[in-house]
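Asker: Could you work out the structure for the sequence below:
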Amino acid sequence: MLKRMQLESVKAWMADPKYGSLPLYTRIQRGVRQLILNGALASGTPLPATRELAKSLAVSRDTAEAAYALLHTEGLIERRVGSGSFVAQMSNFSTLTKQSKSSSTSLKNPELSQRGLKMSQGGAVREYSSSRAFIPGEPETQTFPIKIWSRLQRQVLNDYGATALAHGDPQGNEELRSAIADYINLERGARATADRILILTSSQQCMALCSTMLLDKGDSVCIEDPAYFGAQRILDATGANCIPIPVDSEGMRVDVLLQKGKKAKASFVTPSHQFPTGVTLSLERRLKLIDWANSHRAWIVEDDYDSEFHYAGKPVACMQGLDNNNRTIYIGTFTKSLFPGLRIGYAVLPPELVSPFTVGRTLMDGHTATISQLTLARFIEEGHFGTHIRSMRHLYARRLEILSKLIITHLSDYVEVRIPSGGLQMPCLLKSEHSEAELVLAAKRNGIEIMGLSKLYATANKEPGFLLGFAAYTEEEMTAGVKRLAKSFKSVRPRK
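Answerer: Sure, this is the predicted structure:
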């Protein structure tokens, strides 16, 4: 029979909000099953009749009967006519119980591969659980034209019917690929055709695909220093030998790359708006990098993650459009330009990489959601994408101006503002004698998320500071956030 402590254990399963979506009889079944697997109910132990169990748990007899039926189906209990229900006799029951008791210990030390260990120890790319200020890279979503998007999605479902619910082309919907090619050829100076575009879920997935398909363990790859943390962690997990190349006011120091990258198989760059400094790679350096890739039979992976948002001067054409040698892989995403939940990115590939990369992505996730692709294609073709970008560009420029003035007014004792020419975040260099890590921690304690710049560097030549996102936050939110930052910083003592 179930003892009082055992009944309380089952009741805990019934009351736990984690399992609130499960039917009541399933929660009872799970509670009793756990008692059996933990060894609290040994083989042959008699169980209370369903009427008695129902009374003890304050449920209907039908509910108790359904729970026992599930346990019987799993083979965990035996039901004998005229005798009642008993915990089943199993030859391997003792082994099962020991496994259950030791599971919490074994899970703490999983037997991962070397790549798995590097990935898990490196941490997740997204480390923020909320949209509180000042998370970098977050776009404005409150003003997104949801009604237009909903109308287009309904049109897609009406026009395609059940076809839109089926598996899609792993390379991506041709209508969307054509729309993207037309857009980036016009707006970014790319040399793209629909047959060279691969639709993916994100720029991060594309970088992972590039690393997997192009690099073996130990292969050298040049990477900006500082660099986007997502690229760093992907390359580390691949086992690549990352060669950090310093960044100055004209972007990656290609002269250093020419010295150190003679055996490198690829270079990962963010030329339009270098992450995190915000500088633009000069035309002269772009041409030298393209020449390096051609002469060394290396690849350039160009992450053009937020190039739609340029606020000062004329935007520079993408490197892929300048590369006549087809050594550049161009990565774009709609996560920054539209909304993060869309999960659509793309790559413009050299012709010889299209087929192997398409096969490679099928081993990851098959294809991108068809309905979203078809809806996005119409959103672009009907001009809504261009309208939205122009609207956001104006809004973001205004928010960048507001944040820079707020920082100068309230935090000038701590940081120096570096106003970027574009993007969704602004770097601020630390000029006080405070610890960057302590300031980041103090801000977090007061509900403000700021990214420290130091952890984005691979070498000791670091410029401490912060990266503050501004695109997703109203003037009121930024004003309140900066004042809370000022208050947080005042609580931290300078280093001696």
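Asker: how close does Ala397 get to Cys318?
Answerer: Counting by C-beta to C-beta, to the nearest Å, the gap from Ala397 to Cys318 is 21 Å. From N, CA and C alone the C-beta is placed, and that goes for glycine too.
Asker: Those two: who's more crowded?
Answerer: Taking neighbours as other C-beta atoms under 10 Å, Ala397 and Cys318 compare with Cys318 leading, 25 against 15.
Asker: Against Pro420, how distant is that one?
Answerer: Distance, Cys318 to Pro420, by C-beta to C-beta: 18 Å.
Asker: same check, this time on Arg61
Answerer: Distance of Arg61 to Pro420, computed by C-beta to C-beta: 68 Å.
Asker: So between these two, which is more surrounded?
Answerer: The neighbour comparison of Arg61 against Pro420 (other C-beta under 10 Å) goes to Pro420, with 24 against 14.
Asker: where's the more buried one relative to Asp413, distance?
Answerer: According to C-beta to C-beta, Pro420 stands 22 Å off from Asp413.
Asker: now Thr143, what's its secondary structure?
Answerer: Using DSSP: H, G, I helix; E, B strand; the rest coil, the secondary structure recorded for Thr143 is coil.
Asker: Would you mind measuring from Glu284 to Gly360?
Answerer: 34 Å.
Asker: which of these two has more neighbours?
Answerer: Higher neighbour count among Glu284 and Gly360: Gly360, with 17 against 10, using other C-beta under 10 Å.
Asker: which residue sits closest to that one in space, ignoring its chain neighbours?
Answerer: Across the structure, with C-beta to C-beta, 6 or more residues apart in numbering as the measure, the residue nearest Gly360 apart from its sequence neighbours is Met213 (5.1 Å).
Asker: so where do the helices sit in the stretch 51-200 of the chain?
Answerer: Per DSSP state H, counting those that start in this stretch, the stretch 51-200 of the chain carries helices over the ranges 61-74, 93-108, 114-122, 146-160, 174-187.
Asker: tell me the mean pLDDT for the last one?
Answerer: The one in question is helix 174-187. If you average the pLDDT over helix 174-187, you get 96.
Asker: Check which helices and strands that helix is in contact with.
Answerer: In terms of contacts (3 or more C-beta pairs under 8 Å, 6 or more residues apart in numbering; DSSP states H and E), helix 174-187 is packed against strand 197-200, strand 328-333, strand 345-348, helix 370-381.
Asker: one more time with 7 Å, if that's ok
Answerer: With contacts defined as 3 or more C-beta pairs under 7 Å, 6 or more residues apart in numbering; DSSP states H and E, the packing partners of helix 174-187 are strand 197-200, helix 370-381.
Asker: which element follows the shortest one toward the C-terminus?
Answerer: Secondary structure here is assigned by DSSP states H and E; on that basis, the next helix or strand after strand 197-200 toward the C-terminus is helix 203-214.
Asker: Dump the C-alpha coordinates for that next one into CSV.
Answerer: These are the backbone C-alpha positions of helix 203-214, laid out as CSV (Å, rounded to 0.1, in the frame of the first residue of the first chain):
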residue,chain,number,x,y,z
SER,A,203,23.2,33.8,-40.2
GLN,A,204,24.4,31.7,-37.3
GLN,A,205,23.3,28.5,-39.1
CYS,A,206,25.1,29.6,-42.2
MET,A,207,28.3,30.2,-40.3
ALA,A,208,28.0,26.8,-38.8
LEU,A,209,27.4,25.3,-42.2
CYS,A,210,30.5,27.1,-43.6
SER,A,211,32.6,25.8,-40.8
THR,A,212,31.4,22.3,-41.2
MET,A,213,31.7,22.2,-45.0
LEU,A,214,34.9,24.1,-45.5
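Asker: Need the contact partners of it.
Answerer: 125, 200, 230-231, 234-235, 238, 240, 265-266, 299, 301, 303, 305, 329, 331, 333, 345, 347, 356-357, 360-361, 364 (C-beta atoms under 7 Å, 6 or more residues apart in numbering).
Asker: Check stretch 409-422 too.
Answerer: 273, 278, 280, 309-313, 400, 404, 407-408, 426-432, 434, 465-466, 482-483, 485-486, 489.
Asker: Out of those residues, which sit inside helices?
Answerer: In helices, judged by DSSP state H, the following of the contacts of stretch 409-422 are found: Leu400, Ser404, Ile407, Ile408, Val482, Lys483, Leu485, Ala486, Phe489.
Asker: Most neighbours among those residues, which one is it?
Answerer: Using other C-beta under 10 Å as the neighbour test, the ones in helices among the contacts of stretch 409-422 are led by Leu485, with 26 neighbours.
Asker: Just to check, it is in contact with Ile448?
Answerer: Yes: counting by C-beta atoms under 7 Å, Leu485 does reach Ile448; the two are 5.6 Å apart.
Asker: Quickly name whichever of the ones in helices among the contacts of stretch 409-422 is closest to Ala164.
Answerer: Within the set of these, Leu400 lies nearest Ala164; the separation is 38.7 Å, counting by C-beta to C-beta.
Asker: can you pull the contacts of the closest one?
Answerer: Contacts here follow C-beta under 7 Å, 6+ apart; on that basis Leu400 touches Tyr311, Ile419, Met426, Phe470.
Asker: ditto for Ser220
Answerer: Asn241, Ile243, Lys263, Ala264, Lys265.
Asker: how far away is the closest residue in space to the third one that isn't next to it in sequence from Leu289?
Answerer: Put plainly, it is Lys263. Once its chain neighbours are removed from consideration, Lys263 has its nearest residue in Ser220; the separation is 5.4 Å (C-beta to C-beta, 6+ apart). Here the distance between Ser220 and Leu289 works out to 16 Å (C-beta to C-beta).
Asker: again with Met207
Answerer: Relative to Leu289, Met207 is positioned 18 Å away (C-beta to C-beta).
Asker: of these two, who's got more company?
Answerer: In this comparison of Met207 against Leu289, neighbours counted by other C-beta under 10 Å, the higher total goes to Leu289 at 29 against 26.
Asker: any idea which element that one lies in?
Answerer: In this assignment (DSSP H and E), Leu289 forms part of helix 283-296.
Asker: so which of the helices of the stretch 51-200 of the chain comes closest to Ala194?
Answerer: helix 174-187 (4.0 Å).
Asker: Contacts made by that closest one with the rest, please.
Answerer: In this structure, residues lying in contact with helix 174-187 by C-beta under 7 Å, 6+ apart are 190, 192-194, 197, 199, 332, 346, 373-374, 376-377, 380-381.
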